[in-house]
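Visitor: structure of the sequence below:
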Amino acid sequence: MFAVVTGGAGFIGSHLCERLVGEGHRVVCVDDLSTGSEANLASLAGEKGFSFEQRDVREPLDDLPKVDRVYHLACPAAVATWDADPIGTARTCFLGTLHALQLAQRSAARLLFTSTAEVYGDPEVHPQPESYRGAVDPMGPRSCYDEGKRVAETLCADFRRVHGVDARVARVFNTYGPRMPKQGVIHAFMSRCLDGRPLSVFGRGEQTRTFCYVEDLVDGLIRLMDHPEDPGPVNLGRMDEITILQLAKAMKTATSSASVIEFNPPRAGDPTQRCPDISRARNVLGWTPKMGLAEGLRRSVRAL
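Guide: Numbers count the residues shown, from 1 in each chain. Now for the predicted structure:
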């Protein structure tokens with residue numbers, strides 16, 4: 001296959017590029033390096049069939065060659081980035097997805113869009129199945145990303161209905177592993193533990209999340225892309241919930257750290273619970289994450 005991976009120099013994108021090249025596919029990585037890094041692609045330097053183009057997906061991709069697959073991952077995925085440039089984040093969600101879909105339409109290619117658990121907002125249904133429509137505040141501080149991803153899903157559905165584009169949607173829950181962004185909670189806890197600094201927990205740390213190792217997540221993305229039929233949106237993540245306070249303690253154990261835990265005021269818009277129902281991924285794709293949190297944290301620490 002000949003694939004384009006937008007956001008391919010980012011955390012998940014770089015692992016996806018490695019996997020696709022390793023399987024013998026030709027890959028064009030597109031990234032503006034606003035949050036990604038060429039260092040994430042170091043293992044692919046000189047690899048036959050791999051190329052990198054620094055460009056912004058908010059600009060049309062009309063000059064790219066026809067491809068067989070479009071993996072559309074390009075979008076900032078950290079609260080700090082959304083806070084710094086909410087309008088730019090919303091534009092990336094909408095325009096980036098529009099341009100990726102236009103490339104897929106022109107190429108008669110299959111597209112996979114990485115949406116997010118944020119489309120469920122602060123959920124009132126737990127765990128969250130794909131049929132749940134979410135509880136998102138369109139005026140909230142995270143809505144540039146939450147609503148941006150929701151409208152991007154709408155674009156995928158409309159390109160399917162209007163133009164017949166095979167556009168698939170993966171709703172990605174919290175993911176971690178080597179090369180994870182520094183703004184993420186696991187990296188923040190890890191670096192603070194290794195430096196002996198206090199761990200900052202918002203509120204009482206009772207917010208729950210699930211954490212999926214990046215290799216498992218990439219396997220789910222490829223299974224969804226390669227499935228003979230579009231099963232509709234698919235949640236990809238682990239189902240074993242952990243509170244943020246428990247995560248902080250687990251990171252202290254993984255790093256043998258004596259860092260103290262500090263409690264800060266709650267963050268506005270921070271969801272209290274988040275856990276995927278992955279029945280569709282299990283039943284349709286045959287996918288379940290394999291890496292446990294303790295081992296995944298140890299591997300992540302070694303890779304830092």
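Visitor: who are the contact partners of the residue most central in space within the chain?
Guide: Taking C-alpha atoms, centre = their mean, the centroid of the chain lies closest to Val172, which sits 5.3 Å from it. Applying C-beta atoms under 8 Å, 6 or more residues apart in numbering to Val172 gives the contacts Ile12, Thr114, Ser115, Thr116, Ala117, Leu217, Leu236, Gly237. For the C-beta atoms, the positions are set from N, CA and C on the backbone; glycine is no exception.
Visitor: let me know the pLDDT of Gly184.
Guide: pLDDT, Gly184: 84.
Visitor: avg pLDDT for stretch 230-246?
Guide: Mean predicted lDDT for stretch 230-246 stands at 96.
Visitor: ok, now stretch 204-224?
Guide: 96.
Visitor: dump the residue contacts of Glu241.
Guide: Glu241 neighbours (C-beta under 8 Å, 6+ apart): Thr208, Arg209, Thr210, Gln273, Cys275.
Visitor: go with 6 Å
Guide: Listed by C-beta atoms under 6 Å, 6 or more residues apart in numbering, the contact set of Glu241 reads Thr208, Thr210, Cys275.
Visitor: so what pairs up with the nearest residue to it once chain neighbours are set aside in the strands?
Guide: In space, and not counting its chain neighbours, Glu241 is closest to Thr208: 4.4 Å by C-beta to C-beta, 6 or more residues apart in numbering. As for beta bridges, Thr208 partners with Thr243 under DSSP bridges.
Visitor: tell me the phi and psi of Thr6?
Guide: phi -80, psi 140 (degrees, to the nearest 10).
Visitor: then Ala303?
Guide: According to degrees, to the nearest 10, Ala303 has phi -80, psi -10.
Visitor: average model confidence for the biggest helix by length in the chain?
Guide: Counting residues, the longest helix in the chain under DSSP state H turns out to be helix 143-163. Throughout helix 143-163, pLDDT has a mean value of 97.
Visitor: buried stuff in stretch 54-63?
Guide: For stretch 54-63, the buried set under the neighbour-count rule, 16 or more other C-beta atoms under 10 Å, comprises Arg55, Asp56, Val57, Arg58, Leu61.
Visitor: does the last one touch Leu101 like I think?
Guide: Same thing as Leu61. No: with contact defined as C-beta atoms under 6 Å, Leu61 does not reach Leu101; the gap is 10.0 Å.
Visitor: what's the pLDDT at Pro65?
Guide: Predicted confidence (pLDDT) for Pro65: 95.
Visitor: send me stretch 31-47 as PDB with only the CA atoms.
Guide: The C-alpha coordinates for stretch 31-47 follow below in PDB (Å, rounded to 0.1, in the frame of the first residue of the first chain):
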ATOM      1  CA  ASP A  31       3.600  17.200   9.700                       C
ATOM      2  CA  ASP A  32       4.100  20.900  10.400                       C
ATOM      3  CA  LEU A  33       6.300  20.100  13.500                       C
ATOM      4  CA  SER A  34       4.200  22.400  15.600                       C
ATOM      5  CA  THR A  35       3.900  19.600  18.200                       C
ATOM      6  CA  GLY A  36       5.700  16.700  16.400                       C
ATOM      7  CA  SER A  37       9.400  16.300  16.000                       C
ATOM      8  CA  GLU A  38      11.700  15.000  13.300                       C
ATOM      9  CA  ALA A  39      13.500  13.300  16.200                       C
ATOM     10  CA  ASN A  40      10.500  11.000  16.500                       C
ATOM     11  CA  LEU A  41      11.300   9.800  12.900                       C
ATOM     12  CA  ALA A  42      15.000   9.000  13.600                       C
ATOM     13  CA  SER A  43      14.500   5.300  13.200                       C
ATOM     14  CA  LEU A  44      13.100   5.800   9.700                       C
ATOM     15  CA  ALA A  45      15.900   7.900   8.300                       C
ATOM     16  CA  GLY A  46      17.100   6.400   5.000                       C
ATOM     17  CA  GLU A  47      14.300   3.800   4.900                       C
END
